[in-house]
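K.L.:
here are the coordinates; sequence isn't available:
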């Protein structure tokens, strides 16, 4: 019987770059949350090493061997000493290189799917956290999939005890924006990371985002001018409470009080802008 799970998109609601280590990795402090929207992974029993893709962004995926979902599957087989006697179908709904953690979400989804498929507990896999980190900096936070502060190089994760209900509008101008390209042109002075927030109400969330923002946004706006236009569009949209950019971009987001107001905004924006990708969804609270 096939097993299908959702791989939620990750949104960096804030992103501060606080330093650069001797090994070249940048250290971050980011408030992250996850959406009801995402990719979908299906495990296909008895279809050895089969890998299929579908969805709006399937054609934009790179070579099969470079796919993080497939790498995660092989890493799980190696870690558990189990054969790769299953296939994978990836429905790619999240844009590529969009600041939404799509590849990491898929890798984390494969890990969760195989744990369920094999009936394994986390403590049955040696150095499970190390396995997640070996797949990518965003994979651990995507695996746990709940609002959290993500720090250092993504390996320090502090889940938030509370998080308000709200809706989010995601907009991408069909432009890829690579994190490494941002870092090449970004000066990174060492600074103290911001404090962990206490977010019980929507007002708390909005205040924290307004105070800390996204350090990558000014650089991304110079590389992709459409980002500035989208954020300006969101800011003047009725009921939008906050507008910003996720991760290294180019996906921008608007925060709304509820899904009804968010969907109304999506309909209005799409009516006048046919050359963008636009999705209305909500942030998960836990």
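P.N.:
Perfect, thanks for sending it. Note that the structure is predicted; figures quoted are calculated from it, not measured.
K.L.:
so what's the residue of the chain most remote from its centre closest to, chain neighbours aside?
P.N.:
The centre of the chain is farthest from one residue, residue 46, which by Cα atoms, centre = their mean lies 30.5 Å away. Counting by Cβ to Cβ, 6 or more residues apart in numbering, residue 46 lies nearest to residue 85, which is 6.6 Å off, once chain neighbours are set aside. For every residue, glycine as well, the C-beta is placed using N, CA and C.
K.L.:
Next one: that neighbour from residue 117, what distance?
P.N.:
Using Cβ to Cβ, to the nearest Å, one gets 11 Å for the distance from residue 85 to residue 117.
K.L.:
Among these two, which residue is more densely surrounded?
P.N.:
residue 117 (18 against 11; other Cβ atoms under 10 Å).
K.L.:
for that one, helix, strand, or coil?
P.N.:
Following DSSP: H, G, I helix; E, B strand; the rest coil, the label given to residue 117 is helix.
K.L.:
Surely it touches residue 2?
P.N.:
No: counting by Cβ atoms under 8 Å, residue 2 is not a contact partner of residue 117; they are 9.9 Å apart.
K.L.:
Mutual contacts of these two, please.
P.N.:
Residues touching both residue 117 and residue 2 (Cβ atoms under 8 Å, 6 or more residues apart in numbering): 43, 45.
K.L.:
mind checking pLDDT for residue 260?
P.N.:
The per-residue pLDDT reported for residue 260 equals 98.
K.L.:
Count the residues that sit near it.
P.N.:
Look at residue 260: counted by other Cβ under 10 Å, it has 12 neighbours.
K.L.:
Tell me how far residue 207 lies from residue 218.
P.N.:
Counting by Cβ to Cβ - residue 207 and residue 218 are separated by 21 Å.
K.L.:
right, and the residue farthest from the centre of the chain touches residue 83 too?
P.N.:
No: contact status for residue 46 versus residue 83: not in contact, 11.1 Å apart, counting by Cβ under 8 Å.
K.L.:
Where do the domain boundaries of this structure fall?
P.N.:
The chain breaks down into these domains under automatic domain parsing: 3-159, 167-282.
K.L.:
Now do the shortest one: distance from first to last residue.
P.N.:
By Cα to Cα, to the nearest Å, the extent of domain 167-282 from end to end equals 4 Å.
K.L.:
mind checking how far it is from the chain centre?
P.N.:
13 Å (Cα atoms, centre = their mean, to the nearest Å).
K.L.:
burial measure for the residue lying closest to residue 194 once chain neighbours are set aside, as a count.
P.N.:
Leaving out its chain neighbours, the residue that sits closest to residue 194 by Cβ to Cβ, 6+ apart is residue 212, at 5.2 Å. If you count neighbours by other Cβ under 10 Å, residue 212 ends up with 19.
K.L.:
Could you verify my assumption that the residue nearest to residue 46 touches residue 50?
P.N.:
No: contact between residue 85 and residue 50 fails when scored by Cβ under 8 Å: they sit 10.3 Å apart.
K.L.:
quick one: the residue nearest to residue 194 from residue 28, how far?
P.N.:
Noted for residue 212: a distance of 12 Å to residue 28, by Cβ to Cβ.
K.L.:
One more: residue 92?
P.N.:
Separation of residue 92 from residue 28 (Cβ to Cβ) stands at 26 Å.
K.L.:
again, but for residue 197
P.N.:
Plainly put, residue 197 is 15 Å away from residue 28 if you go by Cβ to Cβ.
K.L.:
Could you do residue 149 as well?
P.N.:
Residue 149 is 10 Å from residue 28, by Cβ to Cβ.
K.L.:
As a check, name the ranges of all strands in the stretch 101-250 of the chain.
P.N.:
With strands called from DSSP state E, counting those that start in this stretch, the stretch 101-250 of the chain shows them at 148-152, 156-159, 167-172, 242-245.
K.L.:
quick one on the thing from earlier: residues that sit against both of residue 212 and residue 28, list them.
P.N.:
Residues touching both residue 212 and residue 28 (Cβ under 8 Å, 6+ apart): residue 16.
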